[in-house]
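**Student:** Need the 3D shape of this:
(2 chains, ligands or ions: 2)
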Amino acid sequence: MGWHLIRFSTILVYLFMFLPVAVVVLLSFNANQFGSFPITGFSFRWFIELAENEAIIRAFKTSLLLGFLTAIISTTLGVLASLALVRYKVPGSNFISTLLIAPILVPEVVLAVALLLFLNFLSVHKSFFMLLMGHVIFTLPFVVLVVQARLMGIRRDVEEAAMSLGATPIQTFFQITLPLLAPAVFAGMLFAFTISFDDITGTLFWKPGGVETVPTQIFAMLRNSISPEINALGSVMIFFTVGVPLLGAAIARRIANKQSQ
Amino acid sequence: MSAVKLENIVKKFGDFTAVHPMSLDLPEGSFVTFLGPSGCGKTTTLRMIAGLLDPTDGGIYVGDRQINDVPIHKRNLGIVFQNYALFPHKTVADNVAFGLKHRNVPKEERERRVREALELVQLPHLANSYPKQLSGGQQQRIALARAIVVEPDVLLLDEPLSALDANLREDMRVELKRIQEQIGITTIFVTHDQSEALAMSDILVVMSNGRVEQVGDPKDIYTNPQSRFVADFLGTSNILEATVAEENGVAGVKTDAVGFVPLSSAQMDKLVGAANSYLVMRAEKIELLAADAPADDRLTFTGKVEAVDYQGQLVRYFVEVNGEKFQVLNMLGTDGAMKEGQTVSVRFKSEDCVAVGEDA
Ligand SMILES: Nc1ncnc2c1ncn2[C@@H]1O[C@H](COP(=O)(O)OP(=O)(O)OP(=O)(O)O)[C@@H](O)[C@H]1O
Ligand SMILES: [Mg+2]
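**Tutor:** Numbers count the residues shown, from 1 in each chain, chains lettered A, B, ... in the order given. Ligands and ions are numbered 1, 2, ... in the order given. Have a look, this model is predicted:
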């Protein structure tokens, strides 16, 4: 009896979470000119209109570029920071570690306002670069956590063996440490990309005038009217934020498998 | 292949001195073992030679070259680690080829040398496997092949056999010694297993508390320990407090349990200037006989067996003689072992006894 109740309520919770998503995807293929039920026919109409909407295309390009750069910078910094924290005796490494993880713990809106005020205080104008830095700050913890965990699992004596065989520390990093770290680096990169790609809170505060990312564009469009294009855009977003990590996980698993055959 | 010389090397970790000034001369081609209890500084010393730790003071020489300031990747040493440390993402062949690549050995020669190294460790058929697919013993052989294929000046091994199970460990020990003799490389081997150390080394270095206790031929060290620590650490010994004495013009020591024991002048010299003197009797040099056994020319005492501990062919007895407990290791006789509580005749030769002195 108790189990039935639990099962039933679990199903309800999942329905509550995923039904809206399913509805959005379903409606995005609806031929009806109002983005709502009833479904009058199957069509790619809204996707085509989406592809012809320049504002959305621009937002899409901005989001991709932003996500891509965030992933690259965040991963590079994250790997370097993890190396320093795990492999070298840095004074105050516990404190630095906490500091790097902190952005996860602080509510995003607080972080967003704080960074904005800080930039105002320095009289730095909002720019794409500042937006990028904002995204780097709050994607960095994820990269550091993933990479640090993996790095602790790589035995130091493997690196020492490489050096004893004639590899310089830098060669050792690129030929031994980095390949062993690859699954974590890759996962960190995907995390960073996905988080950046669908972030809205921080982006609303930090984006300079005239620049829109996909989430802020949807937000802006919703203020005018609920167009069926938004459903199509939602479907595309879902495809990206679900598909990219899944693809990434599959690739990461393949790398990891190959290393531990 | 080169001689190794340590000149007063010291290692401090903060206030703690892990290695006190230590000097050693290790001739070319020798198999040297560092033996000592856990925490005595064996690994620390080896890592200083390897270039993985900077000595606080002193000089390290390989051949004529002082290598203190040479970084590890330029030292041309082969290192074998306790946990093998193979590169998990490379095949066995690529693992072995790694050092050759960094020495810019051309591809054909490289492949030939990798093949030869794998043949030397008798695993040529595993060239294309990954480390995870190998057993512990196989991984350790590959680690050895990887270290020696570059023809290092010195081979350093830190407890390379301790992760293997007992049978495999003995096979690997023989194998390692065979390979070392075949290529004649100067080898420094760290272990805390004394049978390993006694069986393998040309030169044994016994360490304790960051100091060298005794250096030399393993057999000499075993039969003639220079300090109480060495006598106690190697084998099973009975160590009795003693005082220098003379009886009928013969020099020797006097003890409570076995009275006066005459000693050679070589042994007596070891006690000159010592604050405390001890008499050392190896457990296997004492024989237990039935109480009524006919007398012979050995020193003879009467004792009582307090405990019997079978160890297969050997039996370990705990025997009380004049209030002192002795450990005795005897082969199991045809008429069985002595019984607990039995009164026995305890016999040993004075020539088998050793004296050690200890400074205050
Ligand atoms: N990085 C370090 N920092 C502080 N103390 C250290 C460090 N490395 C080693 N020590 C200390 O130095 C002493 C010698 O250590 P070492 O590892 O050389 O011992 P060992 O003889 O190899 O022992 P074992 O047989 O257990 O491997 C130990 O007391 C150890 O605690
Ligand atoms: Mg050690």
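**Student:** can you tell if the helix or strand containing residue A:56 touches chain B?
**Tutor:** Following DSSP states H and E, one finds residue A:56 within helix A:54-87. No - using C-beta under 8 Å from any C-beta of the partner chain, helix A:54-87 stays clear of chain B, with a minimum separation of 13.4 Å. Backbone N, C-alpha and C define where each C-beta goes, glycine included.
**Student:** next helix or strand past that helix?
**Tutor:** Per DSSP H and E, helix A:54-87 leads on to helix A:93-105 as the next helix or strand towards the C-terminus.
**Student:** can I have that following helix written out in CSV, keeping just the CAs?
**Tutor:** Output of helix A:93-105 as CSV, limited to C-alpha atoms (Å, rounded to 0.1, in the frame of the first residue of the first chain):
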residue,chain,number,x,y,z
SER,A,93,45.2,25.9,-0.7
ASN,A,94,42.2,25.1,1.4
PHE,A,95,41.0,28.7,1.4
ILE,A,96,41.7,29.0,-2.4
SER,A,97,39.8,25.8,-3.0
THR,A,98,36.8,27.1,-1.0
LEU,A,99,36.9,30.4,-2.8
LEU,A,100,36.9,28.7,-6.2
ILE,A,101,33.9,26.6,-5.2
ALA,A,102,32.0,29.4,-3.6
PRO,A,103,30.1,30.6,-6.7
ILE,A,104,28.1,27.4,-6.5
LEU,A,105,27.0,28.1,-3.0
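**Student:** hang on, the earlier thing: does ligand 1 have contacts with the helix holding residue A:56?
**Tutor:** No - figure legend: helix A:54-87 not in contact with ligand 1 (C-beta under 6 Å from any ligand atom); closest approach 13.9 Å.
**Student:** Report the buried residues of that helix.
**Tutor:** Buried positions in helix A:54-87, judged by neighbour count with 16 or more other C-beta atoms under 10 Å in any protein chain shown: A:56, A:59-60, A:62-64, A:66-67, A:69-71, A:73-75, A:77-79, A:81-83, A:85-86.
**Student:** any low-confidence regions in the stretch 1-150 of chain B?
**Tutor:** B:1 (pLDDT under 70).
**Student:** for chain A, what are the nearby residues on it?
**Tutor:** Contact residues, the stretch 1-150 of chain B versus chain A (C-beta under 8 Å from any C-beta): B:50-52, B:72-79, B:81-83, B:85-89, B:98-99, B:102-103, B:130, B:132-133, B:143, B:146-147, B:150.
**Student:** what angle separates the helix holding residue A:56 from helix A:93-105?
**Tutor:** 160 degrees (axes from the mean of the first three to the mean of the last three C-alpha atoms, to 10 degrees).
**Student:** tell me which strands and helices helix A:54-87 is in contact with?
**Tutor:** Counting contacts by 3 or more C-beta pairs under 8 Å, 6 or more residues apart in numbering or on different chains; DSSP states H and E, helix A:54-87 packs against helix A:93-105, helix A:128-153, helix A:178-197, helix A:214-224.
**Student:** which of the residues of the stretch 1-150 of chain B next to chain A are buried?
**Tutor:** B:50-52, B:72-73, B:75-79, B:81-83, B:85-89, B:98-99, B:102, B:130, B:143, B:146-147, B:150.
**Student:** Mind splitting the chain into its structural domains?
**Tutor:** Because you didn't say which chain, this covers chain A. Chain A breaks down by automatic domain parsing into domains covering A:1-43, A:53-260.
**Student:** ah, no, chain B please
**Tutor:** Split by automatic domain parsing, chain B gives B:2-223, B:233-278+B:353-358, B:283-351.
**Student:** Would you format the ones you listed as TSV with distance to ligand 1 included?
**Tutor:** Output for the domains of chain B, formatted as TSV (distance: least, C-beta to the nearest ligand atom, whole Å):
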stretch	distance to ligand 1
domain B:2-223	3
domain B:233-278+B:353-358	13
domain B:283-351	24
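**Student:** tell me the most buried of these?
**Tutor:** Using mean count of other C-beta atoms under 10 Å in any protein chain shown, the stretch among the domains of chain B with the greatest mean number of neighbours is domain B:2-223 (a mean of 19).
**Student:** gap between the two ends of that domain?
**Tutor:** End-to-end span of domain B:2-223 (C-alpha to C-alpha, to the nearest Å): 30 Å.
**Student:** Could you tell me which residues of chain A lie near ligand 1?
**Tutor:** So chain A never meets ligand 1 (C-beta under 6 Å from any ligand atom).
**Student:** Any idea which residue of chain A lies closest to ligand 1?
**Tutor:** Of all residues in chain A, residue A:89 sits closest to ligand 1, at 9.6 Å by C-beta to the nearest ligand atom.
**Student:** Give the burial count for the residue nearest to residue A:44 when sequence neighbours are not counted, as a bare number.
**Tutor:** Leaving aside its chain neighbours, residue A:44 sits nearest to residue A:29 (7.3 Å; criterion: C-beta to C-beta, 6 or more residues apart in numbering or on different chains). Residue A:29: 18 surrounding residues under other C-beta atoms under 10 Å in any protein chain shown.
**Student:** For residue A:29, give its distance to residue B:174.
**Tutor:** 74 Å (C-beta to C-beta, to the nearest Å).
**Student:** buried sites along stretch A:242-255?
**Tutor:** By neighbour count on 16+ other C-beta under 10 Å, the buried set for stretch A:242-255 is A:245, A:248, A:252, A:255.
**Student:** nearest spatial neighbour of residue B:296, skipping sequence neighbours?
**Tutor:** That would be residue B:347: by C-beta to C-beta, 6+ apart, it lies 7.1 Å from residue B:296.
**Student:** my guess is the one you found is in a strand, correct?
**Tutor:** Yes - according to DSSP: H, G, I helix; E, B strand; the rest coil, residue B:347 belongs to a strand.
**Student:** residues touching it, list them.
**Tutor:** B:286, B:287, B:288, B:289, B:296, B:298, B:299, B:300, B:301 (C-beta atoms under 8 Å, 6 or more residues apart in numbering or on different chains).
**Student:** Which of the domains of chain A sits closest to residue B:264?
**Tutor:** Closest to residue B:264 of the domains of chain A, according to C-beta to C-beta: domain A:53-260, at 47.0 Å.
**Student:** and that closest one, what's its mean pLDDT?
**Tutor:** Taken as a whole, domain A:53-260 has a mean pLDDT of 86.
**Student:** one step back: wait, doesn't the residue nearest to residue A:44 sit right on residue A:41?
**Tutor:** No - taking contacts as C-beta atoms under 8 Å, residue A:29 lies outside contact range of residue A:41: 9.0 Å.
**Student:** Mutual contacts of these two, please.
**Tutor:** With C-beta under 8 Å, 6+ apart applied, the contact sets of residue A:29 and residue A:41 do not overlap.
**Student:** Residues of the stretch 101-250 of chain A that sit close to chain B?
**Tutor:** With C-beta under 8 Å from any C-beta as the criterion, the stretch 101-250 of chain A meets chain B at residues A:155, A:157-158, A:160-169, A:171, A:176, A:179-180.
**Student:** hmm, which of the residues you listed are the buried ones?
**Tutor:** Looks like those have A:157-158, A:160-167, A:176, A:179-180 buried, using 16+ other C-beta under 10 Å.
**Student:** From those residues, which land in helices?
**Tutor:** Among these, DSSP state H puts A:157, A:158, A:160, A:161, A:162, A:163, A:164, A:179, A:180 in helices.
**Student:** right, and the pair among the residues you listed with maximum separation?
**Tutor:** Greatest spatial distance among those (C-beta to C-beta): A:164 and A:179, at 18.4 Å.
**Student:** now the strands for the stretch 151-300 of chain B?
**Tutor:** Taking DSSP state E, counting those that start in this stretch, the strands of the stretch 151-300 of chain B run over residues B:154-158, B:186-191, B:203-208, B:211-216, B:237-247, B:250-255, B:259-262, B:276-282, B:287-290, B:299-311.
**Student:** and those as CSV, adding distance to residue A:209 and mean pLDDT?
**Tutor:** Formatted as CSV, the strands of the stretch 151-300 of chain B follow (distance: least, C-beta to C-beta, whole Å; pLDDT from 0 to 100):
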stretch, distance to residue A:209, mean pLDDT
strand B:154-158, 63, 93
strand B:186-191, 68, 93
strand B:203-208, 73, 94
strand B:211-216, 74, 93
strand B:237-247, 88, 89
strand B:250-255, 98, 88
strand B:259-262, 101, 88
strand B:276-282, 89, 92
strand B:287-290, 100, 88
strand B:299-311, 87, 89
